[in-house]
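*Asks:* my questions are about this predicted structure, shown below with the sequence.
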Amino acid sequence: MSRRYVATAELVKEYIALFVNRRAYTVQSTHPGAGSGRHYYYRPKAKGSGAPVWLTGQTISAHLEGSMTIGLYAINPSSQRCKWVAIDADYAHAMDDLIKLQFQLTADHVDSALEMSRRGGHLWIFLAAPLLARQCRIYIYDLAGRLGVPVKGTGLADGIEVFPKHDSIATGAFGNAIRGPLGVHRGAGRRFWFYGADYTLEAQVEYLKRLKKLSEEELLRFTAGKDLPAEVRQAASRVPQITEQGTRSKPKFCILDYVGKTRIVGKNYVTQCPSCAQAGHDRGGDNLAILVSDPRFYLCWAGCKKEMIRAAIGHPIPVQRTA
Ligand SMILES: [Zn+2]
């Protein structure tokens, strides 16, 4: 009854070019979990050593041919950038909202591809070159805000979910994975295709390749002077990051959650220094530089100490007690 799909080496190569931004990945369980009754995702580990298993062309091929199903991560932690943005919607009227978003994207001359899912859909935007996760998120949140499309995590139970789900992730962290397109959903036992092309692997990949990719120049233009909604920035700081060991660490402090509007200059975010601002300085709002690839590192050009900056935002550096 089921058709046999063959993933050629060329198809695998094109799939990697479109979707794979790092070699970590997840696998969807072949059987539902005992507790949840749902097909869950896990990070594969080597038998015996428990070492992480990295994504290969062979695994992509198995995904496309339907013998396994993988999940893909949006952000590469070495650059905090992604190759794509996916908007996941699975509530009542989810498709209406996705189509509204697609319409608005088209008005911005941004191509997007609508993929079916079990209860709604995923809307994909591909990027000409890897772009900063934070900048991508600002664009989608702004778009949703202008259209009145609800976003999950802004106090609403139902709404779209934006992948990447984080502005940045720590070294050794993963963020959230989304089901890799064009595979077989284990729970539904079927493939979910993109609407824009025939239902064959070749036609689908060919269609995705032809879409115009969003450039950095366009994204910077769309997000100029904009930032994430305040409630999203605060919620992000409360999300525990899952680390390499799979242990939940306590929410990490991130300076980006406490500063005002940022812009990107070279390798840094530039924004007003909270400590300078408290003293009535830095009217230009450009004294504080925060390293994009690792926001733990920040520096005030006027010489405020880290302790002063932390105190100014009401998050003093914890005092180390010695016995
Ligand atoms: Zn300062």
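*Replies:* Perfect, thanks for sending it.
*Asks:* please make it C-alpha for all contacts and neighbour counts, starting now.
*Replies:* Fine.
*Asks:* just the C-alphas of the lengthiest strand in the chain, formatted as PDB.
*Replies:* Counting residues, the longest strand in the chain under DSSP state E turns out to be strand 121-132. In PDB, the C-alpha atoms belonging to strand 121-132 read as follows (Å, rounded to 0.1, in the frame of the first residue of the first chain):
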ATOM      1  CA  GLY A 121       0.700  23.600   9.700                       C
ATOM      2  CA  HIS A 122       4.300  24.800   9.700                       C
ATOM      3  CA  LEU A 123       5.200  27.900   7.800                       C
ATOM      4  CA  TRP A 124       8.900  28.000   6.600                       C
ATOM      5  CA  ILE A 125      11.100  30.900   5.600                       C
ATOM      6  CA  PHE A 126      14.500  30.200   4.200                       C
ATOM      7  CA  LEU A 127      17.500  32.500   4.600                       C
ATOM      8  CA  ALA A 128      20.000  33.400   2.000                       C
ATOM      9  CA  ALA A 129      22.800  33.100   4.600                       C
ATOM     10  CA  PRO A 130      22.600  32.100   8.300                       C
ATOM     11  CA  LEU A 131      21.100  35.000  10.200                       C
ATOM     12  CA  LEU A 132      21.000  35.800  13.900                       C
END
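*Asks:* which helix or strand lies directly C-terminal to it?
*Replies:* With elements assigned by DSSP states H and E, the helix or strand that comes after strand 121-132 is helix 133-147.
*Asks:* after that next one, which helix or strand is next?
*Replies:* Downstream of helix 133-147, the first helix or strand assigned by DSSP H and E is strand 161-163.
*Asks:* tell me what Thr271 is bridged to.
*Replies:* In this entry, Thr271 is beta-bridged to Leu288, by DSSP bridges.
*Asks:* wait, it sits on Arg263?
*Replies:* Yes. With contact defined as CA atoms under 8 Å, Thr271 counts as touching Arg263 (6.8 Å).
*Asks:* how about low-confidence regions in the stretch 1-150 of the chain?
*Replies:* The stretch 1-150 of the chain contains residues with pLDDT under 70 at 1-3.
*Asks:* pick out the residue of it closest to the ion.
*Replies:* Ranked by CA to the ion, the top residue of the stretch 1-150 of the chain for proximity to the ion is Arg134, at 23.5 Å.
*Asks:* can you pull out the strands in the stretch 151-300 of the chain?
*Replies:* Listed in chain order, the strands of the stretch 151-300 of the chain (DSSP state E, counting those that start in this stretch) span 161-163, 177-179, 184-185, 190-191, 263-265, 268-271, 288-291, 298-300.
*Asks:* lowest average pLDDT across these?
*Replies:* Of all these, strand 263-265 carries the lowest average pLDDT, namely a mean of 82.
*Asks:* in its sheet, what does that strand sit against?
*Replies:* strand 268-271 (antiparallel).
*Asks:* only C-alpha atoms, please: export the strand it pairs with in CSV.
*Replies:* Extracted in CSV, the C-alpha atoms of strand 268-271 (Å, rounded to 0.1, in the frame of the first residue of the first chain):
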residue,chain,number,x,y,z
ASN,A,268,28.2,43.1,19.2
TYR,A,269,24.8,44.2,20.2
VAL,A,270,25.0,47.9,21.1
THR,A,271,22.6,49.4,23.6
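*Asks:* for that strand, give me every contacting residue.
*Replies:* Contacts to strand 268-271, defined as CA atoms under 8 Å, 6 or more residues apart in numbering, come from residues 259-264, 285-292.
*Asks:* contact residues of the stretch 151-300 of the chain facing the ion?
*Replies:* Within reach of the ion by CA under 5 Å from the ion, the stretch 151-300 of the chain has these residues: 273, 275-276, 300.
*Asks:* thinking again about what came up before, with respect to Gly33, which of the strands of the stretch 151-300 of the chain lies nearest?
*Replies:* Evaluated over those, closeness to Gly33 peaks at strand 184-185, with 14.7 Å, by CA to CA.
*Asks:* partner strands of that closest one, with direction?
*Replies:* In the sheet, strand 184-185 lines up against strand 190-191 (antiparallel) (DSSP bridges).
*Asks:* got a list of contacts for the strand it pairs with?
*Replies:* Applying CA under 8 Å, 6+ apart, the contact partners of strand 190-191 are 182-185.
*Asks:* looking at those residues, which one is closest to the ion?
*Replies:* Nearest member of the contacts of strand 190-191 to the ion, counting by CA to the ion, is Leu182, at 49.8 Å.
*Asks:* and the closest one, what are its phi and psi?
*Replies:* Reported as degrees, to the nearest 10, the phi and psi values for Leu182 are phi 70, psi 10.
*Asks:* ok, back up a step: I'd like the strands of the stretch 151-300 of the chain as CSV, with distance to Ala17 and mean neighbour count appended.
*Replies:* Listed next are the strands of the stretch 151-300 of the chain as CSV, based on distance: least, CA to CA, whole Å; neighbours: other CA atoms under 10 Å:
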stretch, distance to Ala17, mean neighbour count
strand 161-163, 18, 21
strand 177-179, 16, 20
strand 184-185, 20, 23
strand 190-191, 21, 16
strand 263-265, 26, 16
strand 268-271, 27, 22
strand 288-291, 28, 22
strand 298-300, 33, 19
